[in-house]
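Fold the following and give me the result.
(chains A, B and C)
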Amino acid sequence: MTDLALVYAVFADAAEAERIAALTVEERLAACANILGPIRSIYRWRGEIERADEIAVLFKTDAAHVAALRDRIAGLHSYDLPAIVDWPASASAAYAGWVADGLLDMPDHDRVS
Amino acid sequence: MTDLALVYAVFADAAEAERIAALTVEERLAACANILGPIRSIYRWRGEIERADEIAVLFKTDAAHVAALRDRIAGLHSYDLPAIVDWPASASAAYAGWVADGLLDMPDHDRVS
Amino acid sequence: MTDLALVYAVFADAAEAERIAALTVEERLAACANILGPIRSIYRWRGEIERADEIAVLFKTDAAHVAALRDRIAGLHSYDLPAIVDWPASASAAYAGWVADGLLDMPDHDRVS
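Residues are numbered from 1 along each chain as shown, chains lettered A, B, ... in the order given. Got it, this is the predicted structure:
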């Protein structure tokens, strides 16, 4: 029904999560960011199973802005290869309208076709 | 493989999250609700960047019930325009069956085509 | 842009969440697992509305491994019918490549078509 997009990303600590969340909302690449709180990550890094305490954030944007938002988060992030994933989502027309109002006007050629 | 749907919504506080989560399960619009805990939201409201401490909940339902669930949450919510987003998901046939058993029988005309 | 998959599952306690998260990363069915922390679940069980304190985990894998990951989590889980849902997601080519590197080589016939 609407072309929203959710971006889930993981950050080194609360300060980084808050800084990047606020900046992407200020820059109108995300309409809203929910800092979900502390998480424990388990992953393989250079052949070893590693554990890290990190912070997860869920960003709300739309299909036209998701690539720009993902790139901006990656550019601001302290990791070389941050975990940033996204998926499409729906909402009521009213909420989707609120999201659209919070986002940058994208010239057509910048829209992700 | 199955037509489940996940609804992610944000509430003003734990009491509201628990009340609406319980009611939508009792009313068989959601089979299950996971109250994910405290989140910090950053968003733009009337031109200002705002921060709020809220509670996130993930509801599990299916494609036939997602619109009714979303509307019911919005109707019960204390905000005029609550953040309620949804997306399709899959699960094992056994779990999808459990979800279906927990949901209201929907006369065909009410099913979201 | 990529065929990642996210698996969201709920566990009885932190020890079970950590054990299964670590094992599925070691076994290369998930590239990464984020233990999201304590949640409060509300659901119907044998006709009664029940509440339980559980732990949620978000696993990152891809479309070729999601069914095997879901089955392995279910096999290791203490519940008879654990809540395990999944949905497709996208990421940058670099991150998707990192996920793929962390996963088991799947002979074509085992790939989920």
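
Walking through chain A, point out its strands one by one.
If DSSP state E is used as the criterion, the strands of chain A fall at A:4-11, A:32-45, A:48-62, A:84-91.

Mind putting those into a markdown table with mean pLDDT?
Conversion of those to a markdown table gives the following (pLDDT from 0 to 100):
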| stretch | mean pLDDT |
| --- | --- |
| strand A:4-11 | 98 |
| strand A:32-45 | 96 |
| strand A:48-62 | 97 |
| strand A:84-91 | 98 |
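
Of these, flag the one that's most buried.
Of the strands of chain A, the one with the most neighbours on average (mean count of other CB atoms under 10 Å in any protein chain shown) is strand A:4-11, at a mean of 24. All C-beta atoms are positioned from the backbone trio N, CA, C, and that covers glycine.

near chain C, which residues of chain A?
A:8, A:10, A:36-44, A:49, A:54, A:56, A:70-71, A:74, A:81-87 (CB under 8 Å from any CB of the partner chain).

sorry, back to before: Throw the strands of chain A into CSV and include distance to chain B, thanks.
Formatted as CSV, those follow (distance: least, CB to the nearest CB, whole Å):
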stretch, distance to chain B
strand A:4-11, 6
strand A:32-45, 4
strand A:48-62, 7
strand A:84-91, 4
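
In TSV: the ones you listed, plus distance to A:D101.
Shown next, in TSV, are the strands of chain A (distance: least, CB to CB, whole Å):
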stretch	distance to A:D101
strand A:4-11	13
strand A:32-45	12
strand A:48-62	11
strand A:84-91	13
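
Of those strands, give the one that comes closest to C:A100.
Smallest distance to C:A100 across the strands of chain A (CB to CB): 12.1 Å, for strand A:32-45.

Which elements pack onto that closest one?
Helices and strands touching strand A:32-45, by 3 or more CB pairs under 8 Å, 6 or more residues apart in numbering or on different chains; DSSP states H and E, are helix A:14-26, strand A:48-62, strand B:32-45, strand B:48-62, helix C:14-26, strand C:32-45.

again, only this time at 7 Å
On a contact count with 3 or more CB pairs under 7 Å, 6 or more residues apart in numbering or on different chains; DSSP states H and E, strand A:32-45 meets helix A:14-26, strand A:48-62, strand B:32-45, helix C:14-26, strand C:32-45.

strand partners of it, parallel vs antiparallel please.
Under the criterion DSSP bridges, strand A:32-45 sits next to strand A:48-62 (antiparallel), strand B:32-45 (antiparallel), strand C:32-45 (antiparallel) in its sheet.

And the contacts of it?
A:10, A:17-18, A:21, A:24-25, A:49-60, B:10, B:36-43, B:56, B:83, C:21-22, C:25, C:31-37, C:102 (CB atoms under 7 Å, 6 or more residues apart in numbering or on different chains).

Stretch A:78-93 too?
A:1-10, A:12, A:16, A:63, A:66, A:70, A:73-74, B:70, B:74, B:84-87, C:4, C:6, C:32, C:60, C:87-92, C:94-95, C:98.

from the middle of its chain, how far away would that stretch be?
Centre-to-centre, stretch A:78-93 and its host chain are 5 Å apart (CA atoms, centre = their mean, to the nearest Å).

what about that stretch, start to end distance?
Terminal residues of stretch A:78-93 lie 36 Å apart, using CA to CA, to the nearest Å.

again, but for stretch A:70-87
By CA to CA, the extent of stretch A:70-87 from end to end equals 12 Å.

wait, which of the strands of chain A is closest to A:M106?
Taking CB to CB, strand A:48-62 is the member of the strands of chain A nearest to A:M106, at 9.4 Å.

Using PDB, write out the CA atom coordinates for the closest one.
In PDB, the C-alpha atoms belonging to strand A:48-62 read as follows (Å, rounded to 0.1, in the frame of the first residue of the first chain):
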ATOM      1  CA  GLU A  48      37.300 -16.400  14.700                       C
ATOM      2  CA  ILE A  49      33.900 -16.300  16.300                       C
ATOM      3  CA  GLU A  50      33.700 -12.900  17.900                       C
ATOM      4  CA  ARG A  51      31.300 -11.300  20.400                       C
ATOM      5  CA  ALA A  52      30.600  -7.600  20.700                       C
ATOM      6  CA  ASP A  53      28.300  -5.400  22.600                       C
ATOM      7  CA  GLU A  54      26.700  -3.000  20.100                       C
ATOM      8  CA  ILE A  55      23.600  -0.800  19.700                       C
ATOM      9  CA  ALA A  56      20.900  -1.400  17.100                       C
ATOM     10  CA  VAL A  57      18.900   1.300  15.400                       C
ATOM     11  CA  LEU A  58      15.800   1.000  13.100                       C
ATOM     12  CA  PHE A  59      15.400   3.900  10.600                       C
ATOM     13  CA  LYS A  60      12.200   4.700   8.800                       C
ATOM     14  CA  THR A  61      12.500   6.000   5.300                       C
ATOM     15  CA  ASP A  62      11.000   5.200   1.800                       C
END
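
And the contacts of that strand?
Contacts for strand A:48-62 (CB under 7 Å, 6+ apart): A:3-14, A:17, A:21, A:24, A:29-43, A:69, A:99-100, A:103, B:85, C:22, C:25-26, C:34, C:36.
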